[in-house]
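Peer 1: Requesting a structural model of the entry that follows:
(chains A and B)
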2 protein chains.
Amino acid sequence: MSPKALDYESLNENVKKVQYAVRGELYLRASELQKEGKKIIFTNVGNPHALGQKPLTFPRQVVALCQAPFLLDDPNVGLFFPADAIAKAKHYLSLTSGGLGAYSDSRGLPGVRKEVAEFIERRDGYPSDPELIFLTDGASKGVMQILNTIIRGAGDGVLVPVPQYPLYSAAISLFGGSLVPYYLEETANWGLDINDLRQSVAEARSKGITVRAMVIINPGNPTGQCLSESNLREILRYCYQENLALLGDEVYQQNIYQDERPFVSARKVLMGMGPPISKEVQLVSFHTVSKGYWGECGQRGGYFEMTNIPPKTVDEIYKVASVSLSPNVPAQIFMGLMVNPPKPGDISYEQFVRESKGIIESLRRRARMMTDGFNSCTNVVCNFTEGAMYSFPQIRLPPKAIEAAKRAGKVPDVFYCLKLLEATGISTVPGSGFGQKEGVFHLRTTILPAEEDMPEIMTSFKKFNDEFMEQYEDHRGYSRM
Amino acid sequence: MSPKALDYESLNENVKKVQYAVRGELYLRASELQKEGKKIIFTNVGNPHALGQKPLTFPRQVVALCQAPFLLDDPNVGLFFPADAIAKAKHYLSLTSGGLGAYSDSRGLPGVRKEVAEFIERRDGYPSDPELIFLTDGASKGVMQILNTIIRGAGDGVLVPVPQYPLYSAAISLFGGSLVPYYLEETANWGLDINDLRQSVAEARSKGITVRAMVIINPGNPTGQCLSESNLREILRYCYQENLALLGDEVYQQNIYQDERPFVSARKVLMGMGPPISKEVQLVSFHTVSKGYWGECGQRGGYFEMTNIPPKTVDEIYKVASVSLSPNVPAQIFMGLMVNPPKPGDISYEQFVRESKGIIESLRRRARMMTDGFNSCTNVVCNFTEGAMYSFPQIRLPPKAIEAAKRAGKVPDVFYCLKLLEATGISTVPGSGFGQKEGVFHLRTTILPAEEDMPEIMTSFKKFNDEFMEQYEDHRGYSRM
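Peer 2: You can find the predicted model right below:
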């Protein structure tokens, strides 16, 4: 009998080609070990609440009230909830047509999209149109929809930074397109060199690929760098010259751990460049409630904003969004609250600021502890995490370790990360899952473990690493290069 | 300059081909009219809370507590929430790793998937494996993922009932496959004739299409029929003979408005058939929190269960699910509560039963009122809504109306539905959005308007329809056929 539709042999090949290391072999092995009773520190995915970060109180009060609107009729509601949370809950319920249980418009609630537009306008100093903002079930879903709209087949290329967040490689595989890598320069703190970019495009074109779009991740994932305004201008000018749509993944815009290079949005830079560039470059920018000091990953809320996208295309994107009816409504309210948080004078303002500052300042300290910890280890070098939630140290594996990995049938960094997991319970993602230059190895870890646990984690890492390096040391001197 | 990546001319053609009438021209026009101040009765989409259905209290209490877990530490929490809601909230929080703000496993929380498996086992009398159950952001997302896994290109066909819910045609277009229609027989209360099915498959094969899967919607959308056990057996035997995977859309399984044909799941029938069929036919079954007496559409919760799907394929489906990280966690808890509701003896049991029975009994009365209302109109005939949430009357348009539609550049049923919308504010979906036999016209309306509004709506419909028929009456007698 011929294979059935859902036998592995006969599945859609694009599905099989998808790789997603963040929840790949390491994660699966970690889950197994956890089941067997081992204590696992999951640093494979930016999932702050899973590592003990407490949710911000105010937005949770508001959404709880929206879920249980009958509480609003209770004369004692004020004993449990502050007046501004009650007022906000009423505000958001008034924006829905039937509360959290009703599908919203497929683009999201118009009232929340208006709040997002006002936030963008305050942030960038240029007006934003709510009709060009779509709310999504997390930023990933938006990225996937836009890539699906662009990619027509294997001849269509999308420029993706390497190392990259594997959502991009996975989605491009799934939609049958071609990933065109451009390399970030580790020795220049993961900076983007426009000449390298040109070379990548030329190479892709020589293979017959039509390069149609470019992805930037700012701040970088897994690399943590913040793009400077001048770098963004170069990128936008390049997109203009080469007729590329730009996808700006800006989900870490609140996660900044230095003062020299604050976050600047691609849209702000684009608008500031003036015509013709500001009128021509097609830009889609992505944001989320999962990151920042919110970390509300499980709620699945995000948005994308479209700039210079023709109305007929917006209609097509709307149509396809409508097939899944609507993004989840509770997360839309989280998004509204994120872009329009308590203001000075509001009852909940001080608590909100205290909680959010506490989280972001602790992340800043943790970024520093982790970088310093990695740099104290044998054969490990690590750029400082300027932004985002990750540390991405280079692991200089000695030749003997690489040989041992080959014998074990593993990619060298997978071999290292598996050993690390077994020895310490620290669940990381091998650098090969993000892409790296040939013969260079990394791992990605989040900076999210609780601050008080950090010294012990870094000690445990150092002990493992230094013993590993000792074990595989090449006495011909390679490992100390 | 050549078109840009996001110019309409250069978009993915599969995106452009997608049609989704439920939120198409009629919905857009209705939204415009609403903005202009006209009162619109949105019956285009099964969105009960938008039409005034109140959410069930108990699940909302539980999820509100999960959103605001600090309430659980408040000694006065018992003043606002019953003890069983508090206990359930603690139960579900214990199943998460970090509350509602943490990504879950990409398949959903293991504890909730276990509750789903227990529900299926109680319902069908056969064991179910939680590892083969994936939670999703609504059933639609699951359907799309499975179709994306199956469809390799335009040569792959999927059998879809006509009339159908346009999710199927839209998803098949988006993934570049071929829809193979099989017609439901209106004069046999929208029954499925296996001989028609054979003919559709033969015809598709003669065009070189590999028919790989079949969709059933039970109870039917938009047609409302319930499939009998013997009909399901025939379908499963046919899938076995023809090597077809079966997709069972069973989202309306709680919405049954007659006693002759209760809901029977495809899985129960399959298991009851014994080997080889029960071991061979690949079945994926879909369910949701959006329908039933829950109607929690805006929460976006669903699941699919896989039967006879090889482990390597399950791994692939897991991998692709992991690219979007996880379904939203609050809706996973709604799913847990739906499959494991309050039991006799629980504090909230009586209220829960009262509320849910109230909803389902009212829907049953509304199904009857609507069918009778339509059948009292000139040139309208309508099968009784055995299940689901829709009424799908046939509108026998006189030739003069068809000519008028042509002159207006509209499909005849779109023409009729637009006139209905302008005259009455009733926003329906033309039958052409679901597919229908050539020259036959329908509309779909939900049975969801509030029961007390129903007489007025049907009166308003009848007035419009009978005047319309009068206006376009063909005095040669066609309209009275």
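
Peer 1: When you work out contacts or count neighbours from here on, use the C-alpha atoms and nothing else.
Peer 2: Fine.

Peer 1: Which residues of the stretch 151-300 of chain A lie near chain B?
Peer 2: Listed as neighbours of chain B in the stretch 151-300 of chain A under the rule Cα under 8 Å from any Cα of the partner chain: A:151-152, A:167, A:170-171, A:212-213, A:243-245, A:282, A:295-300.

Peer 1: again, only using 6 Å
Peer 2: Within reach of chain B by Cα under 6 Å from any Cα of the partner chain, the stretch 151-300 of chain A has these residues: A:151, A:152, A:167, A:212, A:245, A:296, A:297, A:298, A:299, A:300.

Peer 1: Could you identify the most distant pair in the residues you listed?
Peer 2: By the measure Cα to Cα, A:152 and A:296 form the most distant pair in those, at 33.5 Å.

Peer 1: Looking at the two, which one has more neighbours?
Peer 2: residue A:296 (28 against 19; other Cα atoms under 10 Å in any protein chain shown).

Peer 1: For the stretch 151-300 of chain A, which segments count as helices?
Peer 2: For the stretch 151-300 of chain A, applying DSSP state H, counting those that start in this stretch gives helices covering A:167-174, A:194-206, A:229-242, A:266-273, A:277-280.

Peer 1: tell me what the first one is packed against?
Peer 2: Put plainly, it is helix A:167-174. helix A:13-17 (3 or more Cα pairs under 6 Å, 6 or more residues apart in numbering or on different chains; DSSP states H and E).

Peer 1: outside of the helix it packs on, which residues touch it?
Peer 2: Helix A:13-17 has contacts (Cα atoms under 6 Å, 6 or more residues apart in numbering or on different chains) with A:173, A:174, A:176.

Peer 1: What number of neighbouring residues does residue A:239 come out with?
Peer 2: By the criterion of other Cα under 10 Å, residue A:239 has 21 neighbours.

Peer 1: now it: how far from residue B:112?
Peer 2: Residue A:239 sits at a distance of 46 Å from residue B:112 (criterion: Cα to Cα, to the nearest Å).

Peer 1: now swap in residue A:84 and tell me
Peer 2: Distance, residue A:84 to residue B:112, using Cα to Cα: 34 Å.

Peer 1: More neighbours: the two, which one.
Peer 2: residue B:112 (25 against 17).

Peer 1: which residues sit in contact with the more buried one?
Peer 2: Residues near residue B:112 by Cα under 6 Å, 6+ apart: residue B:336.

Peer 1: could you redo the last one with a cut-off of 8 Å?
Peer 2: B:95, B:332, B:333, B:335, B:336 (Cα atoms under 8 Å, 6 or more residues apart in numbering or on different chains).

Peer 1: Do I have it right that the last one meets residue B:118?
Peer 2: No: Residue B:336 is beyond contact range of residue B:118, at 10.5 Å (criterion: Cα atoms under 8 Å).

Peer 1: okay, the two: which has more neighbours?
Peer 2: Comparing residue B:336 with residue B:118 by other Cα under 10 Å, the one with more neighbours is residue B:336, at 23 against 20.

Peer 1: Would you verify that the more buried one is located in a strand?
Peer 2: No: read with DSSP: H, G, I helix; E, B strand; the rest coil, residue B:336 is helix and lies in no strand.

Peer 1: check contacts around it.
Peer 2: Contacts of residue B:336 by Cα under 8 Å, 6+ apart are B:112, B:113, B:115, B:116.

Peer 1: residues making contact with stretch A:245-258?
Peer 2: Residues from elsewhere that reach stretch A:245-258 (Cα under 8 Å, 6+ apart): A:139, A:212-219, A:236, A:239, A:262-263, A:265-266, A:281-288, A:291-293, A:360, A:363-364, A:367, A:385-389, B:4-6.

Peer 1: The residues you listed in strands, which ones?
Peer 2: Among these, DSSP state E puts A:212, A:213, A:214, A:215, A:216, A:217, A:283, A:284, A:285, A:286, A:287, A:288 in strands.

Peer 1: so which of the residues you listed comes closest to chain B?
Peer 2: Closest approach to chain B among these (Cα to the nearest Cα): residue A:212, at 5.5 Å.

Peer 1: and the residue lying closest to the closest one once chain neighbours are set aside, backbone torsions?
Peer 2: The spatially closest residue to residue A:212, leaving aside those adjacent along the chain, is residue A:244, at 5.1 Å (Cα to Cα, 6 or more residues apart in numbering or on different chains). The phi/psi pair for residue A:244 (degrees, to the nearest 10) reads phi -110, psi 140.

Peer 1: number of nearby residues for residue A:244?
Peer 2: 23.

Peer 1: separation between it and residue A:184?
Peer 2: Between residue A:244 and residue A:184 the distance is 19 Å, computed by Cα to Cα.

Peer 1: any low-confidence regions in the stretch 101-250 of chain A?
Peer 2: In the predicted model, the stretch 101-250 of chain A carries no residue with pLDDT under 70.

Peer 1: all strands of the stretch 51-200 of chain A, in order?
Peer 2: Using DSSP state E, counting those that start in this stretch, the strands of the stretch 51-200 of chain A run over residues A:133-136, A:156-162, A:178-185, A:191-192.

Peer 1: Give me the sheet partners of the shortest one and which way each runs.
Peer 2: Put plainly, it is strand A:191-192. strand A:178-185 (antiparallel) (DSSP bridges).

Peer 1: and the angle for the partner strand with strand A:156-162?
Peer 2: 20 degrees (axes from the mean of the first three to the mean of the last three Cα atoms, to 10 degrees).

Peer 1: ok now strand A:178-185, how far from the chain's centre?
Peer 2: 17 Å (Cα atoms, centre = their mean, to the nearest Å).

Peer 1: Run through the residues that contact the closest residue to residue A:57 other than its chain neighbours.
Peer 2: Leaving aside its sequence neighbours, residue A:57 sits nearest to residue A:352 (Cα to Cα, 6+ apart; 7.2 Å). Applying Cα under 8 Å, 6+ apart, we find residue A:352 in contact with A:56, A:57, A:58, A:342.

Peer 1: which one of the ones in strands among the contacts of stretch A:245-258 is nearest residue B:30?
Peer 2: Taking Cα to Cα as the measure, residue B:30 lies nearest residue A:284 of the ones in strands among the contacts of stretch A:245-258, at 28.8 Å.

Peer 1: Cross-check the contact I'm expecting between that closest one and residue A:303.
Peer 2: No: if you go by Cα under 8 Å, residue A:284 and residue A:303 don't touch, sitting 10.1 Å apart.

Peer 1: Which of these two has more residues huddled nearby?
Peer 2: More crowded of residue A:284 and residue A:303, by other Cα under 10 Å: residue A:303, with 28 against 25.

Peer 1: Is that one part of a helix or strand, or is it coil?
Peer 2: Here residue A:303 is strand, with the state taken from three-state DSSP.

Peer 1: list the contacts for it?
Peer 2: By Cα under 8 Å, 6+ apart, the neighbours of residue A:303 are A:133, A:134, A:135, A:136, A:138, A:139, A:142, A:286, A:287, A:288.

Peer 1: Quick one: closest of the strands of the stretch 51-200 of chain A to residue A:415.
Peer 2: Closest approach to residue A:415 among the strands of the stretch 51-200 of chain A is made by strand A:156-162 (21.0 Å; Cα to Cα).

Peer 1: Check which helices and strands that closest one sits against.
Peer 2: helix A:167-174, strand A:178-185, strand A:210-217 (3 or more Cα pairs under 8 Å, 6 or more residues apart in numbering or on different chains; DSSP states H and E).
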